[in-house]
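J.: pasting the sequence and the predicted model now:
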Amino acid sequence: MLASRALLRSATRAGGRNAIKALVARGLLSPVNSSIGIRSKSTETKKVFPTSHFHKSHQVAHKSAVPIVDDHFRGDYNSSSIIQGADACAKAGISNLGINGPSTIYKNQTFEELFQHEVANNEGKVAHAEYGDTFTVDTGKFTGRSPKDKWIVKNIGSESDANIDWGSVNQPTSPEVFDELYEKAVNHFNSLDKAYVFDGFCGANPNSQRKIRFVHEMAWQQHFVTNMFIRANDEKDLDGFEPDFTVINACSQVDEDWERHGLNSEVAVVFNVEKKCAVIFGTWYGGENKKGIFSLMNYWLPMQGQFPMHCSANVGKEGDSALFFGLSGTGKTTLSADPHRALIGDDEHGWDEEGVFNFEGGCYAKTINLTEKTEPDIYRAVKKDAMLENVALKGDDLVPDYFDTTKTENGRVSYPIFHIDNYHEPQMAGHPNNIIFLSCDAFGVLPPIAKLTPEQAMYHFISGYTAKVAGTERGITEPTATFSACFGAAFLTLHPTRYAELLKEKLEKHNAQAWIVNSGWSGGPYGVGERMSIKTTRACVNYILDGKIEDTTWTKDEVFGWEIPEAIPDVDSNVLHPRNTWPDPAQYDEAEKKLANMYVNNFEKYRIGDVDYSQFGPKL
């Protein structure tokens with residue numbers, strides 16, 4: 001086995017997959033490579049920091065038919081083992097789940113080993129992307145999350161029962177239904193000869209880090225969580241590993257008894273907080289693994305007084321971090337990827353007494369209309385070890401076609417964060433100086449930039465406004481306002497005001513400034529005006545982050561109450577005041593009042609608690 005690994009490493013250094021194929025053809029390496037044996041366990045538990053062995057020179061973009069592989073760096077993540085025999089499940093730590101059937105467990109496989117499994121199992125295709133061959137999967141009819149099929153067990157009288165915001169987002173189901181589905185998932189895995197187990201971590205800060213175990217049927221799903229969660233650097237990081245939560249993903253199975261169980265379909269994604277376990281049925285979409293754990297972090301961290309956030313984050317050379325909140329299509333990923341600042345993460349973060357930290361070990365980016373010119377970091381990240389989901393391939397060479405949305409507009413790529421040249425190795429930074437709420441306003445009302453008071457920040461954080469435009473979703477024929485509490489309502493396990501109070505506390509304690517940045521339309525609504533250029537939006541963000549904006553003068557908006565700068569370099573002063581860009585100012589006034597009414601009506605449900613934040617919203 002060790003010899004096999006040595007051959008694999010030698011082959012990788014020598015010439016990537018072509019050399020590996022040659023070894024397989026000569027019988028010197030099996031198609032699914034064997035790895036090292038099982039290790040002895042220690043009772044010592046360990047917190048894992050992201051690896052600090054990265055050197056930017058390793059990630060210089062290189063276009064080649066055969067990807068450049070830095071075996072030394074990829075080897076920094078190597079806790080792989082293949083466990084075989086009648087007691088394989090016990091040694092892998094899953095027999096306590098009731099899973100004892102598989103006689104072979106592939107645990108924490110390396111990127112190269114996962115690729116070999118994916119190919120050998122015929123789980124997808126190898127796409128020939130410009131920066132390196134990338135494995136590609138099709139997730140069937142589910143090309144996104146299935147929110148109506150997500151359930152949380154209502155354990156009467158428990159801590160979660162008292163704290164979870166039960167409703168359409170956090171739908172309750174019974175312990176009896178969970179137990180039936182759990183047994184069904186266990187029975188399915190007991191019918192298999194092999195299974196994939198991943199032990200990893202969520203949260204870069206050891207003070208709130210959670211140990212997560214995934215049990216999967218397929219190699220590509222272990223590949224996905226290997227990309228997205230924090231990986232163990234070596235076997236020692238997993239000594240004494242006892243998961244805080246376990247996900248059993250039986251995606252190939254469905255719940256035939258869903259009507260009797262009181263569910264919405266044969267698809268079921270069910271979490272039991274008290275039993276520290278979840279089961280997944282009927283959906284192959286990789287994001288269910290990622291966002292399920294994010295929802296749990298949104299439950300666990302506030303109970304410790306820590307603030308979980310659906311945002312991207314970066315940090316400047318002076319240690320000045322910034323947060324970017326925003327829904328899909330607002331520019332959250334694009335604007336946080338800044339050549340002058342290091343990326344902490346693109347989607348999920350926490351904020352505690354020490355500062356901000358990434359939850360994840362990778363990124364999960366949309367690929368629709370992806371080009372190197374518009375999204376260079378993401379485009380170049382599509383290479384060996386990344387994985388494409390539901391992306392069309394064209395020609396005999398199977399080249400990714402990011403403009404073909406026949407399958408879905410939600411094509412995705414997951415990749416380890418070290419695929420980004422300019423990433424922040426510690427994955428933690430100090431308290432942020434600036435909090436940016438991104439909106440894509442299709443009504444042409446919001447200014448490209450506005451300054452908020454702490455109270456206004458609470459209002460707009462709870463509102464979580466953006467807009468959908470025609471063509472983005474079936475049935476959308478005109479601009480439609482979208483309000484998603486805390487810019488991530490689908491993942492909030494507690495009431496939105498719990499998170500707003502945490503944000504208010506952080507803003508006041510650390511003197512952070514909140515802003516609205518609108519990447520949407522100017523000069524009129526969608527169909528009349530034009531969308532602001534990325535250059536304009538980037539200029540606004542840069543002016544915030546370099547601190548020069550504090551030297552400008554401000555004008556107060558009479559309806560929304562926020563302050564608008566009089567001038568910003570490289571931005572037309574008329575664009576800063578959207579009313580000036582409309583052909584008919586009276587039409588702008590009418591549109592502003594209409595949007596303000598939408599804000600007010602949406603906020604009615606949040607007028608609870610000691611402070612009524614509606615007083616800090618628009619005035620009609």
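T.: Perfect, thanks for sending it. Residues are numbered from 1 along each chain as shown.
J.: quick one: low-confidence ranges for the stretch 401-550 of the chain?
T.: For the stretch 401-550 of the chain, the stretches flagged by pLDDT under 70 are 469-478.
J.: helices along that one, start to end?
T.: 454-463, 496-510, 534-545 (DSSP state H, counting those that start in this stretch).
J.: the longest one vs helix 454-463, what angle?
T.: In other words, helix 496-510. Interaxial angle of helix 496-510 relative to helix 454-463 (axes from the mean of the first three to the mean of the last three Cα atoms, to 10 degrees): 150 degrees.
J.: so how far is helix 496-510 off the chain centroid?
T.: Taking Cα atoms, centre = their mean, to the nearest Å, the mean C-alpha location of helix 496-510 is offset from the chain mean by 22 Å.
J.: who does that helix touch, helix- and strand-wise?
T.: On a contact count with 3 or more Cβ pairs under 8 Å, 6 or more residues apart in numbering; DSSP states H and E, helix 496-510 meets helix 287-303, strand 307-315, helix 454-463. Just so you know, the C-beta spots here come from the backbone N, C-alpha and C atoms, and that holds for glycine as well.
J.: of all the ones you listed, which one is nearest Gly411?
T.: Judged by Cβ to Cβ, the one of these that comes nearest to Gly411 is helix 287-303, at 12.1 Å.
J.: any buried residues in that closest one, and which?
T.: For helix 287-303, the neighbour count (16 or more other Cβ atoms under 10 Å) marks 287-302 as buried.
J.: re the thing from before, reformat the helices and strands packed on helix 496-510 as CSV; add distance to Leu323.
T.: Listed next are these as CSV, based on distance: least, Cβ to Cβ, whole Å:
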stretch, distance to Leu323
helix 287-303, 15
strand 307-315, 5
helix 454-463, 11
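J.: the ones you listed: which one's closest to Phe359?
T.: Closest approach to Phe359 among these (Cβ to Cβ): helix 287-303, 5.9 Å.
J.: next one: the closest one to chain centre, how far?
T.: Relative to the chain's own centre, helix 287-303 is displaced by 11 Å; criterion: Cα atoms, centre = their mean.
J.: for Met250, give me its contacts.
T.: Careful, residue 250 is Ala; it's not Met. By Cβ atoms under 8 Å, 6 or more residues apart in numbering, Ala250 lies in contact with Lys184, Ala185, His188, Phe189, Glu217, Val279, Ile280, Phe281.
J.: separation between the residue nearest to Gly140 when sequence neighbours are not counted and Thr139?
T.: Nearest non-adjacent residue to Gly140, counting by Cβ to Cβ, 6 or more residues apart in numbering: Trp284, 5.2 Å away. To Thr139, Trp284 is 4 Å away according to Cβ to Cβ, to the nearest Å.
J.: coming back round to it: can you tell me which of the helices of the stretch 401-550 of the chain is most buried?
T.: helix 454-463 (a mean of 22; mean count of other Cβ atoms under 10 Å).
J.: other SSEs contacting that helix?
T.: When contacts are defined as 3+ Cβ pairs under 8 Å, 6+ apart, helix 454-463 sits against strand 434-439, helix 496-510, strand 513-518, helix 585-603.
J.: make JSON lines out of these and add distance to Phe483.
T.: JSON lines is the format used below for these (distance: least, Cβ to Cβ, whole Å):
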{"stretch": "strand 434-439", "distance to Phe483": "11"}
{"stretch": "helix 496-510", "distance to Phe483": "11"}
{"stretch": "strand 513-518", "distance to Phe483": "14"}
{"stretch": "helix 585-603", "distance to Phe483": "4"}
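J.: that older thread, which one of the contacts of Ala250 is nearest Tyr77?
T.: Glu217 (22.5 Å).
J.: that closest one reaches Ile248, doesn't it?
T.: No - between Glu217 and Ile248 there is no contact under Cβ atoms under 8 Å: 9.9 Å.
J.: need the overlap of contacts for these two.
T.: Jointly contacting Glu217 and Ile248 under the rule Cβ under 8 Å, 6+ apart are Phe189.
J.: which one of those two has more residues nearby?
T.: Set side by side, Glu217 and Ile248 show more neighbours around Ile248, with 26 against 22, by other Cβ atoms under 10 Å.
J.: contacting residues for that one?
T.: Counting by Cβ under 8 Å, 6+ apart, Ile248 makes contact with Leu97, Ile99, Tyr182, Ala185, Val186, Phe189, Val215, Cys277, Ala278, Val279, Ile280.
J.: among those residues, which one lies nearest to Val119?
T.: Within the contacts of Ile248, the smallest distance to Val119 is 22.0 Å, found for Val215 (Cβ to Cβ).
J.: just to be sure, that closest one is in a strand?
T.: Yes - the assignment for Val215 (DSSP: H, G, I helix; E, B strand; the rest coil) places it in a strand.
J.: for stretch 253-269, buried residues please.
T.: Those buried within stretch 253-269 under the rule 16+ other Cβ under 10 Å are Gln253, Val254, Asp255, Trp258, His261, Leu263, Asn264, Glu266, Val267, Ala268, Val269.
J.: repeat that for stretch 117-137.
T.: By neighbour count on 16+ other Cβ under 10 Å, the buried set for stretch 117-137 is 117-119, 123-125, 127-137.
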